[in-house]
Each structure stands twice: as C-alpha cells, then as structure tokens.
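> please work out how this folds:
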Amino acid sequence: MQLVTVKALLSAEQQTPVAHGKKGRDELVCRFTESGAAHLFRARRCGA
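Next up, the predicted model:
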C-alpha cells in the first residue's frame, strides 16, 4: 500500500492548467513551491 498526499485546489487554481496547459500547471507548481507546499508536487525547480 502506498500513501499519497492530496491537495484540494480552489476553482481558480484548477482553471489555470485547464486554460493554459503545461505552462499553467508549471505556474501552479511554482506558486505552491513558494508557499512551502513543494513536497506535495515533488517540485525540483521553479521558474523559466
């Protein structure tokens, strides 16, 4: 059995990747990384 962390997205957060694809998803990862929630996404980098 594997446990995973889940982050519920606000409606506006969910719309970002829907409207902007990979760039929108990357923007959300960057925002969550800056807010200290990077472990939720296993983000390795933020930016460009």
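> and what about Phe32, helix, strand or coil?
Under DSSP: H, G, I helix; E, B strand; the rest coil, the three-state class of Phe32 is helix.
> thought it was touching Leu9?
No. Phe32 is beyond contact range of Leu9, at 9.8 Å (criterion: Cβ atoms under 8 Å). The way it works is simple: take the backbone N, C-alpha and C, and place the C-beta from them, glycine included.
> which one's more surrounded, these two?
Per other Cβ atoms under 10 Å, whichever of Phe32 and Leu9 has more neighbours is Phe32, with 19 against 12.
> so which residues of the chain form helices?
11-34 (DSSP state H).
> how about low-confidence regions in it?
Confidence mapping of the chain against pLDDT under 70 gives the ranges 38-48.
> which residue is nearest the middle of it?
Here the mean C-alpha position of the chain is nearest to the C-alpha of Val29 (Cα atoms, centre = their mean), at a distance of 3.3 Å.
> how close does that residue get to Met1?
Per Cβ to Cβ, to the nearest Å, Val29 is found 26 Å from Met1.
> what's the answer for Ser11, then?
From Ser11 over to Met1 the distance is 31 Å, taken as Cβ to Cβ.
> show me which of the two is the more surrounded one.
Ser11 (6 against 2).
> can you tell me how far Met1 is from Lys7?
For Met1, the distance to Lys7 - Cβ to Cβ - is 20 Å.
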